[in-house]
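Novice: Just to be clear, the model below is a prediction. Sequence and coordinates:
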Amino acid sequence: MLLNIDLHSHSRFSADGVAEPEDMVAEAKRKGLHGFAITDHNTCACVDYFEQHGYLNAAGTPVDGILIIPGQEITTSEGHLLALGVRIPDLKGIAPQDAITIIHDLGGLAIPPHPYDFFRAGIREPVLEKLDIDALEVFNAATTFKRYNKHAFEYAQRRGLPMTAASDAHDHPALGTAYTIVDTTDFTVKGVLNAIKKGPQLKQSYLTPKDAFKKTWNNVFRLRRKSKSRFKSDHSLVR
């Protein structure tokens, strides 16, 4: 059976995300997705939220037809890394191979997103060469320039890595813009992870200009908020 799974998405629990968890589930159903991975930046708070509100269960099976895969987008010392199928603490700043070891010990997959996007903390090729990754995100619907996806695709081909596609949605309307199509009879988190390693198909489509602008604006707002917070902190120290 073919399953449409968006493997990279963010909720309001990410500093630059605005999607309400319930809206993400509704959007997944509306677009015909079978599931999505929730990969907020350096937190699994939305994973906990989904479980507490009955959208995700510990058995790793679908709820009302939608499979939510627990995960996180880790800001490693060398760039971003998706951890899929695991629930982990904030590992921000960790070395990427150390993060991968933790992910693998917990039974998850380690997949670098947007590796050639110089504006979005992708892990660079010299570092990728040394990492024991499970697949590579070769199509990111929110990439800064389309050529970055092309470079990722070519690298995955050279290395013989399974490839994934994802929306990198930060607001619910963008969820499912791009997704990964896995072939499995096991409609569970474990079944999807195993199918990814076999080499899935890709649904490739870019964010609309409106969604791309909204994502950029969210990033600007996040940076301004961090700057104001830092100023307040420094000012209080001076006083």
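Specialist: Everything's here; your move.

Novice: Rounded mean pLDDT for the helix or strand containing residue 83, please.
Specialist: Element membership for residue 83, per DSSP states H and E: strand 79-84. Mean pLDDT, strand 79-84: 98.

Novice: and that strand, which strands flank it?
Specialist: If you go by DSSP bridges, strand 79-84 pairs up with strand 67-76 (antiparallel), strand 109-111 (antiparallel).

Novice: Let's have the ones you listed in CSV, adding distance to residue 122 and mean neighbour count.
Specialist: All C-beta spots, glycine's among them, are computed from the backbone N, C-alpha and C. Listed next are the strands paired with strand 79-84 as CSV, based on distance: least, Cβ to Cβ, whole Å; neighbours: other Cβ atoms under 10 Å:
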stretch, distance to residue 122, mean neighbour count
strand 67-76, 11, 25
strand 109-111, 12, 26
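
Novice: Take the ones you listed and lay them out in TSV including distance to residue 124 and mean pLDDT.
Specialist: Shown next, in TSV, are the strands paired with strand 79-84 (distance: least, Cβ to Cβ, whole Å; pLDDT from 0 to 100):
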stretch	distance to residue 124	mean pLDDT
strand 67-76	12	98
strand 109-111	16	98
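
Novice: will you turn those strands into a markdown table that also has distance to residue 13?
Specialist: What follows is these, written out as a markdown table (distance: least, Cβ to Cβ, whole Å):
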| stretch | distance to residue 13 |
| --- | --- |
| strand 67-76 | 10 |
| strand 109-111 | 20 |
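
Novice: Tell me which of the ones you listed lies nearest to residue 88.
Specialist: strand 67-76 (5.9 Å; Cβ to Cβ).

Novice: Where do the helices of this protein begin and end?
Specialist: 21-30, 45-52, 96-105, 125-128, 146-159, 189-197, 209-238 (DSSP state H).

Novice: who touches the shortest one?
Specialist: Residues external to helix 125-128 that are found in contact with it (Cβ atoms under 8 Å, 6 or more residues apart in numbering): 78, 79, 96, 112, 115, 116, 136, 155.

Novice: if I pick the fifth one, what's in contact with it?
Specialist: Spelled out, that is residue 115. Residue 115 neighbours (Cβ under 8 Å, 6+ apart): 79, 122, 123, 124, 125, 128, 136, 137, 151, 152, 155.

Novice: what residue lies at the spatial centre of this structure?
Specialist: Geometric centre of the chain, nearest residue: residue 8, 2.8 Å, by Cα atoms, centre = their mean.

Novice: doesn't residue 83 make contact with that one?
Specialist: No: at 11.2 Å, residue 8 and residue 83 do not qualify as touching, with contact defined as Cβ atoms under 8 Å.

Novice: which residues do these two both contact?
Specialist: With Cβ under 8 Å, 6+ apart as the test, residue 8 and residue 83 both reach 39, 73.

Novice: gap between the residue nearest to the centre of the chain and residue 185?
Specialist: Distance from residue 8 to residue 185, counting by Cβ to Cβ, to the nearest Å: 24 Å.

Novice: What of residue 210?
Specialist: Note on residue 210: its distance to residue 185, by Cβ to Cβ, is 38 Å.

Novice: Report pLDDT for the residue lying closest to residue 202 once chain neighbours are set aside.
Specialist: Take residue 202 and drop its neighbours on the chain: the residue closest to it by Cβ to Cβ, 6 or more residues apart in numbering is residue 165, 4.0 Å away. pLDDT, residue 165: 98.

Novice: One more: residue 208?
Specialist: Per-residue pLDDT puts residue 208 at 79.

Novice: Residue 180 too?
Specialist: 98.

Novice: and what of the one 10 residues further on?
Specialist: At residue 190 the predicted local confidence, pLDDT, stands at 98.
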